[in-house]
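Have a look; sequence and predicted model below, questions after that.
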Amino acid sequence: MNKSESSSIEKRVSEKLKEYFPQKPNFVVGVSGGADSMALLYILKKLDIHALVVHINYEMRGEESNKDQELVEQMSFEWGFECCSVRLNSKEISSGNFQNWAREQRYNIFNGFLTEIEADGIAVAHHKNDQVETIIQKLLRGSSPEAWKGMDDWNNEIFRPLLEFNKAEILKYCKENSIPFRTDSSNIDSKYSRNFLRNEFSQKMDKLFKGWQENVMKLQEYGSLNKKMLDLLAKDYFDDEKLFIQPIKELDVILAQSLIKKFIEQFHIQISKGVLEQAYNLLSSQVGSELILSESVKLVRERESIIKVTGVVEFEEYQVSETEVLNGVSNNELVIKISKSIESELYLDADRIKFPL
């Protein structure tokens, strides 16, 4: 990367800053010590942007984690930024997804500083490769097309100015400007879904399908078009209070469910696939059938429509006796049963098993 290419990254970040912030902003910037976040911090320095650097030390890698923290603190001082390092004891997590836990903790901390110093936003160093991984994960999890959209440059809270640059461009920028950074050894471990996509899936795809990442990025456009189509169709199938049964029953199942989901999202309620299927089944249920969506909203099947009913939803109280539990009791979709353990059976936690066995 020559000087002009290097300055082009700075120029694009500067343009994004002017696009979203009428005056020079004050950020909370998350810096791990890796190439991406160190490059972002250096760019903010070059553009004379004020920021509070926040580094999270999860104490996962012993001395490596400490060296990450030392680098961030040292370079923050040299580049004229205030820095706050926060240590978290990741050993407290007995099970579950570490990355989900770490992300939740990280953004809780970022938001705390955001409020405390009254900053304009949280700056993070997500780049094009991260964007591609986000879209692929949504595809693999079965997200509907309107959810294929990736991360935004700015969502009124988080500022991601590097999304149009890939990892290789950022590494070249670091080399060109002698920006020090650390490599997280845990990123090599493909047990985490993003690491698998980055270390194995992407590398094989690069060899087999040149330009595949750009094609994945285009899925955002298709998702956006799908959303616009649903917006146009919506007025013919539901309004603010009710869903019209007969017209929607004539549609393909997937399209019908997409419109039902959109109808429910009007009420600021996010639903699972299971609840969406239950809502779809209301189309063919008896008049008076209900589906509880939250503590204050439920759907009720009427003769020609499904209506939204608001107010405090009363849950039916159901007592279960010891005898019923021992014999097996079922109430709608809830099944409770106690069985004796069998010595010849082995019970394993699927989340903690490494396959293949």
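That came through fine. Residues are numbered from 1 along each chain as shown.

Do a quick rundown of the helices in this structure.
Remark: helices assigned in the chain by DSSP state H are 3-20, 35-46, 63-78, 98-116, 128-140, 167-176, 193-196, 202-208, 212-237, 245-249, 253-265, 273-281, 322-327.

hey, least reliable of those helices by pLDDT?
Ranked on mean pLDDT, the bottom entry among these is helix 322-327, at a mean of 62.

ok, back up a step: buried deepest among the helices of the chain, which one?
Mean neighbours per residue, mean count of other CB atoms under 10 Å, is largest over those for helix 35-46, with a mean of 22. C-betas here are computed from N, CA, C, even on glycine.

Could you list every helix and strand in contact with it?
The contact analysis (3 or more CB pairs under 8 Å, 6 or more residues apart in numbering; DSSP states H and E) places helix 35-46 against helix 3-20, strand 26-30, strand 50-57, helix 63-78, helix 167-176.

run the last query once more with 10 Å
When contacts are defined as 3 or more CB pairs under 10 Å, 6 or more residues apart in numbering; DSSP states H and E, helix 35-46 sits against helix 3-20, strand 26-30, strand 50-57, helix 63-78, strand 121-123, helix 167-176.

Switch those over to TSV; also include distance to residue 149.
Shown next, in TSV, are these (distance: least, CB to CB, whole Å):
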stretch	distance to residue 149
helix 3-20	18
strand 26-30	22
strand 50-57	27
helix 63-78	31
strand 121-123	20
helix 167-176	21
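
Between the ones you listed, which one is closest to residue 141.
With CB to CB as the criterion, residue 141 lies closest to helix 167-176 of the helices and strands packed on helix 35-46, at 23.2 Å.

Mind listing residues that contact the closest one?
The set of residues external to helix 167-176 that reach it, using CB atoms under 10 Å, 6 or more residues apart in numbering, is 1-3, 5-10, 34-40, 42-43, 125, 127-130, 162, 165-166, 179-181, 198, 202.

If we use 7 Å, what do you get?
With contact meaning CB atoms under 7 Å, 6 or more residues apart in numbering, helix 167-176 is reached by 1, 6, 9, 35-36, 38-39, 127, 129, 162, 181.

And stretch 56-70, by the same measure?
By CB under 7 Å, 6+ apart, the list of residues contacting stretch 56-70 reads 32-33, 55, 85-90, 102, 106, 109, 182, 185-186.

Nearest to residue 48 among those residues?
Residue 48 lies nearest to residue 55 out of the contacts of stretch 56-70, by CB to CB, at 21.5 Å.

Pretty sure the closest one sits against residue 88.
No. The criterion here is CB atoms under 7 Å, and residue 55 misses it with residue 88 at 11.1 Å.

So between those two, which is more surrounded?
Taking neighbours as other CB atoms under 10 Å, residue 55 and residue 88 compare with residue 55 leading, 22 against 17.

Report pLDDT for residue 306.
Looking at residue 306, the pLDDT reads 91.

Tally up the residues packed near the residue lying closest to it once chain neighbours are set aside, please.
Leaving aside its sequence neighbours, residue 306 sits nearest to residue 243 (CB to CB, 6 or more residues apart in numbering; 4.3 Å). Neighbourhood size, residue 243 [other CB under 10 Å]: 25.

and what of residue 162?
29.

pLDDT score assigned to it?
Residue 162 is assigned a predicted lDDT (pLDDT) of 97.

give me phi/psi at it?
Backbone torsions of residue 162, given as degrees, to the nearest 10, read phi -100, psi 10.

can you pull the contacts of it?
Neighbouring residues of residue 162 by CB under 7 Å, 6+ apart: 36, 40, 125-127, 170.

Quick one: these as TSV, columns for distance to residue 219 too.
Converted to TSV, those look like this (distance: CB to CB, whole Å):
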residue	distance to residue 219
36	23
40	26
125	23
126	17
127	18
170	23
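
just curious, which of the residues you listed is nearest to residue 258?
The closest of the contacts of residue 162, once distances to residue 258 are taken by CB to CB, is residue 126, at 28.0 Å.

Let me know how buried that closest one is, in neighbour terms.
For residue 126, the number of neighbouring residues by other CB under 10 Å comes to 20.

Angles on the backbone of the closest residue to it other than its chain neighbours, please.
Closest residue to residue 126 apart from its sequence neighbours, by CB to CB, 6+ apart: residue 160 at 4.7 Å. Backbone torsions of residue 160, given as degrees, to the nearest 10, read phi -120, psi 80.
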